[in-house]
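Q: Pasting a predicted model and its sequence here:
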Amino acid sequence: MVYATDIGMMATRGKVRLGIIGAGRIGQVHCLALSRNPKAEVVIVADFFVKAAESCAQKFGIPSAVQDWKDVIRNPAVDGVIICSPSDTHHEIILGAAKAGKHIFCEKPIDYNLKRIDEALATVAQSGVKFQLGFQRRFDANFQRVRQAVQGGMLECLEGMWLYVMESVGKKN
């Protein structure tokens, strides 16, 4: 994963301070990646299941764990948020974070409704914050092989496909 290094006031203090919203598997993947980035610091993690937030905070040395994502966007120490919560919460969190002036990285999808997607993107544009939607598998070697097979005509009549990814967070294979 690649994280932007030019967000907010980072240039003056050397680090971007982030809040993680969602402490499940993908939230922990981001926490692990960010813990290895000397230009990033996770300062707060939120999860509806507060014990998940507390466990994640302890595992990755995050100083604050909360249940309400609004506590993350209200936190003045947070420059940007990483939204890893269930998909049906993304729209509301994007609106709140953008209005609070927090830069946003959001796991896909923004929402399932086109009007709500348009509203979220308009709010982001109006607020002037940076926004990135995560498509973490775009450059995955296996996904690239499938793409090449389709483009090369090896899969003549592909109508659909299910791909399963098995991985663990922070464990060495």
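A: Received, thanks.
Q: in the protein, which helix or strand is least confident?
A: Lowest on mean pLDDT, DSSP states H and E among the helices and strands of the chain sits helix 10-13, with a mean of 53.
Q: who's in contact with the closest residue to residue 87 other than its chain neighbours?
A: Once flanking residues are discounted, residue 87 sits nearest to residue 109: 5.7 Å by C-beta to C-beta, 6 or more residues apart in numbering. Just so you know, the C-beta spots here come from the backbone N, C-alpha and C atoms, and that holds for glycine as well. Contacts for residue 109 (C-beta atoms under 8 Å, 6 or more residues apart in numbering) come out as 87, 90, 117.
Q: which one of the residues you listed is nearest residue 20?
A: Distance to residue 20, by C-beta to C-beta, is smallest for residue 90 among the contacts of residue 109, at 13.9 Å.
Q: Enumerate the positions of the host helix or strand of the closest one that are buried.
A: Per DSSP states H and E: residue 90 is located in helix 90-99. By neighbour count on 16 or more other C-beta atoms under 10 Å, the buried set for helix 90-99 is 90, 91, 93, 94, 95, 96, 97, 98.
Q: Residues contacting that helix, please?
A: Under the criterion C-beta under 8 Å, 6+ apart, residues 21, 69-70, 73, 81, 83, 85, 104, 106-107, 109-111, 113, 116-117, 119-120, 123-124, 126-127, 129, 131 lie in contact with helix 90-99.
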